[in-house]
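>>> pasting the structure only:
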């Protein structure tokens, strides 16, 4: 909609009033500019996220693009005997769009010790418990993958290792990140793999003679590299501009 306004002008010599009708502001054009500025700000934030160093703990929101969440409570319907004294388990809570290759946990005894499942919600290991996790990711190998594992208060995760896999010969760089306490740790893999395997040992709390594992939660995010993020942001700007 175009508005029009009437301006009254006074001539200093003749003392005569002249009227000049001018076009007013086009608010639709202004609104488009505002939306474009908002998109640019959002794009800048996404780019900053792509190049920011990892911080201790989960820094993203559940359901954000590229994220997954899986939680094991080890209830009977989700646990199976794997033989050789070990057990396999699938998560009771699974928010993972990339789980075609399987989200699994393998729980085994370690150091020649014993492992018992209580048939309800947890495992007891003497002197410790070994855990092997497999988590699938975004199929586009790009940027990096960040994973945070939480075992619940009172346990100690040691001998942590992780490997990225893609079915070919890509080399993945892996870094283990310290958590806010001994029962939490992170893994940074560059670039993000098709899936990763995480291996660690759960030791008992100080003063305890056995380790009891009744909970594992894993939160992950695949973050595109800055160039990819910029292309995605630019594509969003072009789509909004056409509208």
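Now that the structure is in, tell me what you want to look at. Model, not experiment: these values are computed from the prediction. Numbers count the residues shown, from 1 in each chain.
>>> Counting neighbours, what do you get for residue 133?
23 (other C-beta atoms under 10 Å). The C-beta positions use only the backbone N, C-alpha and C, and glycine is treated the same way.
>>> Numbering from 46 from now on, please.
Yes, from this point I'll number from 46; that puts the last item at residue 178.
>>> What residues are recorded as beta-bridge partners of it?
Beta bridges link residue 178 to residue 150, residue 243 when assigned by DSSP bridges.
>>> same check, this time on residue 263
Residues in beta-bridge contact with residue 263 (DSSP bridges): residue 115, residue 194.
>>> measure it to residue 192 for me?
Separation of residue 263 from residue 192 (C-beta to C-beta, to the nearest Å): 6 Å.
>>> Give me the common contacts of those two.
Residues touching both residue 263 and residue 192 (C-beta atoms under 8 Å, 6 or more residues apart in numbering) are residue 180.
>>> Now do the helices for this structure: every range, in order, please.
72-96, 271-287 (DSSP state H).
>>> So for the shortest one, mean pLDDT?
In this model, helix 271-287 carries a mean pLDDT of 46.
>>> and if you look at the first one?
The pLDDT scores in helix 72-96 average 47.
>>> With stretch 230-247 instead?
94.
>>> Buried ones in that stretch, by neighbour count?
230-243, 245-247 (16 or more other C-beta atoms under 10 Å).
>>> just stretch 165-174 next, same as before
Neighbour-count burial for stretch 165-174, counted by 16+ other C-beta under 10 Å, picks out 166-174.
>>> what sits against the closest residue to residue 217 other than its chain neighbours?
Take residue 217 and drop its neighbours on the chain: the residue closest to it by C-beta to C-beta, 6 or more residues apart in numbering is residue 209, 3.3 Å away. Neighbour list for residue 209: 190, 215, 217, 219, 234, 237-241 [criterion: C-beta under 8 Å, 6+ apart].
>>> Can you report how many residues lie near the residue lying closest to residue 113 once chain neighbours are set aside?
Distances taken as C-beta to C-beta, 6+ apart put residue 141 closest to residue 113, at 4.0 Å, once the chain neighbours are dropped. Number of residues near residue 141 (other C-beta under 10 Å) recorded here: 18.
>>> Now do the contacts for residue 141.
113-115, 148, 180-181.
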